[in-house]
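A.B. asks: 3D model of this:
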Amino acid sequence: MANHHTPTVTSPEIPAADLTPLERLILGLALDEIEGPDGLCFHSWEGASDTVSTEPDDLRTAWTASQDRDSRINAVVAALLARYDAADPDDRLSYIDIHLTDGPVGLAEILQDIVRRSPSMREITLIMSFMSTTIRTDGFGGSVTRITADAIQHYSTDTPLAQMCKDIPT
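C.D. replies: Numbers count the residues shown, from 1 in each chain. Take a look at the predicted model:
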């Protein structure tokens, strides 16, 4: 059976002061975090987590400390906390899941909010490599997502191939 991995990295390093506590918590749960000379780099050998889980108190603390800055993830977490608080105490789980792929805010949107507020960053790239433990034509490739204050552009290795085929049909 083939194992698929999506090594992922953000570039350039993000100044820690540019992140809200909530963004740092969520990015640090979805990816691994390392501190470099110019800030934080988020990366993962296997790929970013689609869903992250955290304890309600940790989430509430980070959310409360992040209310002074505009970030779309604030509203998502506010709704999750409200749903948690409204649940019968006997039915509450010991964690809250945050879905980063099937909702209004994913990793790219969190990174875009950071760029929008940053006094020094003009863009962040999210680079991914698609790898498989078996040699299959669908097991390799990659993508790059360029995130600016105004746009999120995404291209996979299929994008230039499709353009080449349009330019010079077989």
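
A.B. asks: if I read this right, Thr51 contacts Ile96, doesn't it?
C.D. replies: No: assessed by Cβ atoms under 8 Å, Thr51 is found out of contact with Ile96, at 10.6 Å. In short, each C-beta sits where N, CA and C put it, glycine included.

A.B. asks: so how far is Arg72 from Pro104?
C.D. replies: According to Cβ to Cβ, to the nearest Å, Pro104 and Arg72 sit 7 Å apart.

A.B. asks: Looking at those two, which is more packed in?
C.D. replies: Applying other Cβ atoms under 10 Å to Pro104 and Arg72 shows that Arg72 carries more neighbours, namely 14 against 9.

A.B. asks: for that one, what are its contacts?
C.D. replies: Pro104, Val105, Glu109, Ile110, Asp113 (Cβ atoms under 8 Å, 6 or more residues apart in numbering).

A.B. asks: Out of those residues, which end up buried?
C.D. replies: Among the contacts of Arg72, those classed as buried by 16 or more other Cβ atoms under 10 Å are Val105, Glu109, Ile110, Asp113.

A.B. asks: Mind checking which of the residues you listed are in helices?
C.D. replies: Members of the buried ones among the contacts of Arg72 lying in helices (criterion: DSSP state H): Glu109, Ile110, Asp113.

A.B. asks: Return the member of those nearest to Tyr84.
C.D. replies: Nearest to Tyr84, judged by Cβ to Cβ, of those is Ile110 at 20.4 Å.

A.B. asks: moving C-terminal of the helix or strand of the chain with the lowest mean pLDDT, what's the next helix or strand?
C.D. replies: Least confident helix or strand of the chain, by mean pLDDT, DSSP states H and E, is strand 4-5 with a mean of 76. Remark: after strand 4-5, the chain's next helix or strand is strand 8-11, criterion DSSP states H and E.

A.B. asks: Show the average pLDDT along the longest strand along the chain.
C.D. replies: In the chain, assigned by DSSP state E, the strand with the most residues is strand 123-132. Mean pLDDT, computed over strand 123-132, is 91.

A.B. asks: Report the next helix or strand after it in sequence order.
C.D. replies: That would be, after strand 123-132 and using DSSP H and E, strand 141-148.
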